[in-house]
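Trainee: Sequence first, then the predicted structure:
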Number of protein chains: 2
Amino acid sequence: MKKVNSKTTSGRMAEGVLAGERRALARAITLIESTRRDHRSEADVLLEQILPHSGKSIRIGISGVPGVGKSTFIEAFGMHLIKAGHRVAVLAIDPSSQRTGGSILGDKTRMELLSRQQSAFIRPSPAGKTLGGVARRTREAMLLCEAAGFDVILVETVGVGQSETAVSEMVDMFLLLLLPGGGDELQGIKKGIMELADMVVVNKADGDLIPAANRAAAEYHAALGLMRPSSPNWKPAVKKCSALQEEGIAEIWEAIGRFREKLWESGEIPQKRAQQAKAWMWNEIRETLVIAFREDPQVAAALHQMESGVIEGQLAPASAANRLLNLFLKPS
Amino acid sequence: MKKVNSKTTSGRMAEGVLAGERRALARAITLIESTRRDHRSEADVLLEQILPHSGKSIRIGISGVPGVGKSTFIEAFGMHLIKAGHRVAVLAIDPSSQRTGGSILGDKTRMELLSRQQSAFIRPSPAGKTLGGVARRTREAMLLCEAAGFDVILVETVGVGQSETAVSEMVDMFLLLLLPGGGDELQGIKKGIMELADMVVVNKADGDLIPAANRAAAEYHAALGLMRPSSPNWKPAVKKCSALQEEGIAEIWEAIGRFREKLWESGEIPQKRAQQAKAWMWNEIRETLVIAFREDPQVAAALHQMESGVIEGQLAPASAANRLLNLFLKPS
């Protein structure tokens, strides 16, 4: 294991994170969220120091439409895990959020009980202009939480977003919360989301809604049966629960345990993580290249006219692309 | 309308294409498929000349697993259209193909009757190293076919490919051919393909397979009902046919007519085409930027080590991306 150099700021920060100090962890996440250039260099050094200590968690993505009861579910699920001796970090991805990195008031209200636990760490979505930026910082926060000894990481999608795919690309398992609405609800969720799910949980399966939840679970089961499972070793499971009444939570955690066991044994999780890391590097590269391209003064000056010409059918897309690329790539 | 300058090579070629001459069309497609730099400039001039005359067709993507009877279907469907007075062009997308642009022997054998028709034009998939390259040339061939007066363009995916999304991004309507296998078959097709379909056609609905085809059609109908339709004005239709016995073909063409009418009236098709053209420009830009990045000598020298470090968990993906980007973007 790499020895931490405690003489530098990032070295002291790394020591605090590795000792599981919550304040050091919070400060470290603030550092990686900063867009200041000098902060970014410090963040890179910090990340390199904690990287060998990351990875020892199960990373679970949790998604679902607003109103499905995500906060209530995470509160009940998190409390269940903490009672079983786990340390739980909750991160959120929400590119549409206007919240700044520092304010967690919203999340404290959303998960009142969980947010007061010593073994829980709740961090809202960082502010960001692009999903790529928010996703990067959430990924890095995940690594920091792991280094600080959190062994269950919940990455939540907030709002109705484009973020489900981004979350599925940073977790081991993707859990989709659904209402007892059946086919009607499936029509409302974004295309392809259902196919990302390793587990579907029908929430609000209590009181009057129990028959509807049973019907919905059967429908979701049939729908998943028509789709190709993403792993040869795991058939997406459908579970019911009532987060409000804390029912069905233990069964969900047991099923996650089976998932984890099968996919660690088969080597799929380490392989998936390696692929995710590589894909992340390339996403960063692609996104930065396009930003640099758009910010090039000559490209910026010509872009609007080229785009309009293409949209109006006066300019062939490949020709427009070539002209702009010549402005950017031509050696000055 | 733009006046064609007949004094240049590309001007003469454009005149031939616009006059509907098959040889000129074939030569024009060969030109746009060329990777030679001077050919590419000529191709750009040619495309600009024919662009105002393109767009007057219905663009239909046709996909399906090998063995579903795609060639037989296109033959029967194409012959039906020609008898109704249409001019039909068949293009193929197959990035895995080793065929060169000139050889159409394979396709002539596949669609023997259709290939002999004056009102049909069959062109195989261009050879290409990347799907992006093949897709670009197929798109451009589509524009040329339209300028030459072909009013129905069929873009076929060949083989088991990654090409379905690329095809769906260049057509007005995406038609998925399926076998009477029902849910079992759906599990075999690539994730997300079903959701691209504006129409599902169960082929081989003849003889002993009629009951199975009826069951499959009902299953596909239910599956499509669970998915969000891609247009507010069109609910994906499920049709049955026997391409071999030429049954059900007329009904499919009628349904395509309804689709076309509704989506032209609502303005969706022109809007979709404008979006597709813009997306195409940006795909070209992104793809070329990544190629230039990979080909940069400094990047090429460092890439392997960075990628390995990321995959093995020794290097944070964002740090690796930053280091490589600094090599590429730093002013020399």
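Mentor: Sure thing, it's come through. Quick caveat, the model's predicted, so the values are computed rather than measured.
Trainee: Please make it C-alpha for all contacts and neighbour counts, starting now.
Mentor: Noted.
Trainee: Quick check, pLDDT for the residue lying closest to A:D151 once chain neighbours are set aside.
Mentor: Distances taken as C-alpha to C-alpha, 6 or more residues apart in numbering or on different chains put A:S57 closest to A:D151, at 4.1 Å, once the chain neighbours are dropped. Note on A:S57: pLDDT of 97.
Trainee: from what I can see A:S57 touches A:I153, true?
Mentor: Yes. The pair A:S57 / A:I153 is scored as a contact, 6.7 Å apart, by C-alpha atoms under 8 Å.
Trainee: So these two - more neighbours on which side?
Mentor: A:I153 (25 against 19; other C-alpha atoms under 10 Å in any protein chain shown).
Trainee: The more buried one in helix, strand or coil?
Mentor: Recorded secondary structure, A:I153: strand (DSSP: H, G, I helix; E, B strand; the rest coil).
Trainee: Looking at it now. What's its pLDDT?
Mentor: The model reports A:I153 with a pLDDT of 98.
Trainee: Single out the residue in the stretch 1-150 of chain A that lies closest to chain B.
Mentor: A:D44 (6.1 Å; C-alpha to the nearest C-alpha).
Trainee: count of neighbours near the closest residue to A:E21 other than its chain neighbours?
Mentor: Of all residues not flanking A:E21 in the chain, A:A148 sits nearest, at 7.2 Å (C-alpha to C-alpha, 6+ apart). Counted with other C-alpha under 10 Å, the neighbours of A:A148 add up to 25.
Trainee: which residues sit in contact with A:A148?
Mentor: Listed by C-alpha atoms under 8 Å, 6 or more residues apart in numbering or on different chains, the contact set of A:A148 reads A:17-21, A:25.
Trainee: what element comes up after the helix or strand where A:E185 lies heading to the C-terminus?
Mentor: In this structure, A:E185 sits in helix A:183-188 according to DSSP states H and E. Per DSSP H and E, the first helix or strand lying C-terminal to helix A:183-188 is helix A:193-196.
Trainee: Low-confidence regions, the stretch 51-200 of chain A specifically.
Mentor: A:95-109, A:159-161, A:184, A:187-188, A:191 (pLDDT under 70).
Trainee: As a check, name the ranges of all strands in it.
Mentor: Ranges of strands in the stretch 51-200 of chain A, per DSSP state E, counting those that start in this stretch, are A:58-63, A:88-93, A:120-123, A:152-157, A:173-178, A:199-202.
Trainee: Direction included, what does the fifth one pair up with?
Mentor: Sheet neighbours of strand A:173-178, with direction, are listed as strand A:58-63 (parallel), strand A:199-202 (parallel) (DSSP bridges).
Trainee: out of those, deepest packed?
Mentor: The highest average neighbour count among the strands paired with strand A:173-178, using mean count of other C-alpha atoms under 10 Å in any protein chain shown, belongs to strand A:199-202 at a mean of 26.
Trainee: Centre of the chain to that one, how far?
Mentor: Remark: strand A:199-202 is offset 17 Å from the chain centroid, using C-alpha atoms, centre = their mean, to the nearest Å.
Trainee: Same question for stretch A:72-82.
Mentor: Put simply, stretch A:72-82 sits 18 Å off its chain's centre (C-alpha atoms, centre = their mean).
Trainee: May I have that stretch as CSV, with CA atoms only?
Mentor: The C-alpha trace of stretch A:72-82 is given here as CSV (Å, rounded to 0.1, in the frame of the first residue of the first chain):
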residue,chain,number,x,y,z
THR,A,72,-38.3,7.1,2.3
PHE,A,73,-36.8,4.0,0.7
ILE,A,74,-33.2,5.1,1.2
GLU,A,75,-34.0,6.1,4.8
ALA,A,76,-35.5,2.7,5.6
PHE,A,77,-32.9,0.8,3.6
GLY,A,78,-30.0,2.8,5.1
MET,A,79,-31.2,2.3,8.7
HIS,A,80,-31.6,-1.4,8.1
LEU,A,81,-28.0,-1.6,6.9
ILE,A,82,-26.7,0.5,9.8
